[in-house]
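Novice: 3D, please:
(2 chains)
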Amino acid sequence: MSFTNHRKMQLYGSLLLLPAALLLTTFAYLPTVTTVINSLFLPGFRGAPTEFVGLENYQVLFDDPTFWQVARNNLLYALGTIPTSIALALGMALFVNGKLRGRGFVRMAYFTPTILPMIAAANIWMFFYAPQIGLFNSLLGMLGFSGVNWLGDPSVALSSVIVMSVWKEAGFFMIFYLAALQSMPPELKEAADLEGTSRWSFFWRVTFPLLMPTTLFVLINALINSVRVVDHLFILTKGGPNNATNLLLYYVYENAFSFFDRTTAATITVVILLVLAVVATLKFTILDRRTHYQ
Amino acid sequence: MNTTTVYAPRARFFSIPALETVAAWLLAIIWIFPLLYAFWAAFHPSEFMVNFELFAPLTLENFTNAWSQAPFARYYLNTFALVTGVVIGQFVVCTLAAFAFARFPIPGKNVLFMLVLIQLFVFPEVLIVENYRIASELGLINTITGIGLPYVASALGIFLLRQTFKTIPRELEDAARIEGCNWLEILWKVYVPLAKPTYLAYGLVSISHHWNNFIWPLVVTNSVESRPLTVGLGVFSAPETGVNWATVSAATLLSIAPLLVAFLLFQRQFVQSFLRAGIR
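Specialist: The predicted structure follows:
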């Protein structure tokens, strides 16, 4: 390849990259940079940054008990949804990987919530949770118990939101486990059967360790989702009661579009970006060596 | 499954004890129940929502109510335009970028590629405040373009297509060049046709993602003219609007019907697409 030809190829390749580069700059890199800048300034006319205050906005944010409540909620939300949905996903995958009557239907039933918009799922669950006429309280009433205010009682509201999220996500993660299970060599099972290994110990000593890369992959996705997906809050609780179900991204939305406090919104966004950066580093260092992509 | 063995066919699936079958079915019924219930509620008069009676009279009234109380026809049109536009835009932009990353010597290519991959973590909805500002400066508020544009340069699309393009043998490219094809013709006649399965998988994942997307469309739109179904549904079923549950169920079904029907028909393709695309 001649030198001029090489230069020509470089130019051509760069031109091919141009549309993507422009769009990514506009909607990913530039907003990231301006978000960080906004978090270091005090807002002026029409929210434009005026006075450089360094980390003062962070100081203010960290002194705000609501922020800590929201951060704690998000942590609890992650702790509540991730292990449960991963465990359920694994169980589901084991179920539909085996010989099972009506396997097609069962698999479909597990996966269907994944295909629904979160907002539609929340609509359906809203009715289950409704205090007077809701299905859960009607059932409790039939059994002679008094009802629970599932979304209105601060001590149970977050759990109610978590239950719905687990229902929505488990089937998605099941797909990855199912794929991993189907690619496992059957010889392992045959050998174990010859040795009379119990199903239980086969699972813990062979299947589970072999599924480790998949678990990590699913974990990363679940972590990202736990800070990114807040659609259901718009229907179910709007972050209430009294911020009991408020999550970081929803808090950003509230600050920016309800309280018109762009600076606080930017500061919380930077916190979210830092969390995502940790997740990304985790992924690129641990996961990439045992890559899951096909 | 085109393995040809003369031995007894290997047991691909291991049979499950009865107790586990019961557990699997129980879980399946719990999982599908909310959807079935929404179906049931949508087709019955609202007074039966609580007093469940299996043989309550069927009605379509909830659907006509929902349809008349919100411009669902418009929402369908908007969602359809949005999804089509985004997928076409993604295919074009991601194909060009993926081709560049797969086949061209670009200075700092690895760094650039890593920069692209950052978008797998930093989604447009995380940067919602600044993206809103940028969209408004570009005059994109309240437009379908505004909803879709931030997603067009998709890192996932670029990544998947680059991986696929890299597996295509160079000999095919050389042959096309001898025939007198230029770069774009080579891309169009050699690479794109051979990457069809990737386009299908990515397309399905992208369609379901954008059909279901909510928070960014909510922020960027504020009128009926540009709202997609999800936002329309969210506005419609907000508790303060005081519509009844049966009508909300009908509206919910209206919003999810096309995607749900598509999923039931092409279940296998959907599931495999999610698998192939991995990260959304």
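
Novice: and the residue of chain B closest to chain A?
Specialist: B:Phe104 (2.7 Å; CB to the nearest CB). Yep, even glycine has a C-beta here, placed from its N, CA and C like the rest.

Novice: so how far is A:Ser146 from that residue?
Specialist: For B:Phe104, the distance to A:Ser146 (CB to CB, to the nearest Å) stands at 69 Å.

Novice: likewise A:Ile37?
Specialist: Taking CB to CB, one finds A:Ile37 at 53 Å from A:Ser146.

Novice: likewise A:Lys8?
Specialist: From A:Lys8 across to A:Ser146, the span is 78 Å (CB to CB).

Novice: more crowded one of the two?
Specialist: Remark: of A:Lys8 and A:Ser146, A:Lys8 carries more neighbours, 12 against 7, as counted by other CB atoms under 10 Å in any protein chain shown.

Novice: which helix or strand contains the more buried one?
Specialist: helix A:3-24 (DSSP states H and E).

Novice: which outside residues touch that helix?
Specialist: A:1, B:92-94, B:96-97, B:99-101, B:103-107, B:112, B:115-116, B:119, B:149-150, B:152-153, B:155, B:158, B:183 (CB atoms under 8 Å, 6 or more residues apart in numbering or on different chains).

Novice: what about the strands in chain A?
Specialist: Shown for chain A, the strands assigned by DSSP state E span residues A:41-43, A:49-52.

Novice: hey, C-alpha coordinates of the last one in CSV?
Specialist: Output of strand A:49-52 as CSV, limited to C-alpha atoms (Å, rounded to 0.1, in the frame of the first residue of the first chain):
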residue,chain,number,x,y,z
PRO,A,49,-23.0,29.2,35.2
THR,A,50,-21.6,32.4,36.6
GLU,A,51,-19.3,32.1,39.6
PHE,A,52,-16.8,29.3,40.1
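
Novice: which helices and strands sit right next to that strand?
Specialist: Other elements packing on strand A:49-52 under the criterion 3 or more CB pairs under 8 Å, 6 or more residues apart in numbering or on different chains; DSSP states H and E are strand A:41-43.

Novice: ok, the strand it packs on near chain B or not?
Specialist: No. Applying CB under 8 Å from any CB of the partner chain, one finds strand A:41-43 separated from chain B by no less than 11.8 Å.

Novice: partners of that strand, with directions?
Specialist: Strand pairing for strand A:41-43, using DSSP bridges, gives strand A:49-52 (antiparallel).

Novice: let me know the average pLDDT across the strand it pairs with.
Specialist: Strand A:49-52 comes out with an average pLDDT of 75.

Novice: and the closest residue to B:Val92 other than its chain neighbours, how far is that from B:Ala100?
Specialist: Leaving out its chain neighbours, the residue that sits closest to B:Val92 by CB to CB, 6 or more residues apart in numbering or on different chains is A:Pro19, at 7.7 Å. With distances taken as CB to CB, A:Pro19 is found 10 Å from B:Ala100.

Novice: compare the two (neighbour count), which wins?
Specialist: B:Ala100 (27 against 17).

Novice: isn't that one right next to B:Ile106, touching?
Specialist: Yes. Counting by CB atoms under 8 Å, B:Ile106 is a contact partner of B:Ala100 at 6.3 Å.

Novice: contact partners for residue 107?
Specialist: Looking at chain A here, since you left the chain open. Neighbours of A:Arg107 in contact, by CB under 8 Å, 6+ apart: A:96, A:178.

Novice: wait, chain B was what I had in mind.
Specialist: A:Gln10.

Novice: please, which helix or strand holds it?
Specialist: Judged by DSSP H and E, B:Pro107 forms part of no helix or strand.

Novice: repeat for the one 4 residues further on
Specialist: Secondary structure assignment for B:Val111, by DSSP H and E: helix B:109-117.

Novice: outside of that helix, which residues touch it?
Specialist: A:17, A:20-21, A:24, A:29, B:97, B:101, B:106, B:155, B:158-159, B:162.

Novice: farthest pair in those residues?
Specialist: A:Tyr29 and B:Arg162 (19.4 Å; CB to CB).

Novice: ok, these two, which is more surrounded?
Specialist: Neighbour comparison, A:Tyr29 and B:Arg162: the larger count goes to B:Arg162, with 21 against 16 (by other CB under 10 Å).

Novice: contacting residues for the more buried one?
Specialist: By CB under 8 Å, 6+ apart, the neighbours of B:Arg162 are B:97-98, B:101-102, B:113.

Novice: restricted to helices, list those.
Specialist: B:97-98, B:101-102, B:113 (DSSP state H).

Novice: if you rank the residues you listed by neighbours, which is first?
Specialist: Neighbour count (other CB under 10 Å) singles out B:Ala97 as the most crowded of the ones in helices among the contacts of B:Arg162, with 30 neighbours.

Novice: next, count neighbours for the residue nearest to that residue when sequence neighbours are not counted.
Specialist: Counting by CB to CB, 6+ apart, B:Ala97 lies nearest to A:Ala20, which is 3.8 Å off, once chain neighbours are set aside. By the other CB under 10 Å criterion, the neighbourhood of A:Ala20 contains 28 residues.

Novice: which residues are in contact with residue 30?
Specialist: Unless you meant another one, I'm taking chain A. A:Leu30 touches B:130, B:134, counting by CB under 8 Å, 6+ apart.

Novice: for the residue nearest the centre of chain B, report the pLDDT, please.
Specialist: Centroid-nearest residue in chain B, with CA atoms, centre = their mean: B:Ser208, separated by 1.7 Å. Predicted confidence (pLDDT) for B:Ser208: 89.

Novice: please report the distance of it from A:Thr112.
Specialist: 12 Å.

Novice: again with B:Gln272
Specialist: 16 Å.

Novice: now A:Thr84
Specialist: 19 Å.

Novice: returning to what we had before: chain center to the helix holding B:Val111: distance?
Specialist: 25 Å (CA atoms, centre = their mean, to the nearest Å).

Novice: so after that helix, what's the next helix or strand?
Specialist: Per DSSP H and E, the first helix or strand lying C-terminal to helix B:109-117 is helix B:128-137.

Novice: quick check: next helix or strand after that following helix?
Specialist: From helix B:128-137, the next helix or strand downstream (DSSP H and E) is helix B:144-148.

Novice: can that next one be found next to chain A?
Specialist: No. Contact of helix B:144-148 with chain A (CB under 8 Å from any CB) is absent, the minimum separation being 10.7 Å.

Novice: tell me the mean pLDDT over that helix?
Specialist: Here the average pLDDT along helix B:144-148 is 93.

Novice: repeat that for stretch A:202-218.
Specialist: The model assigns stretch A:202-218 a mean pLDDT of 87.
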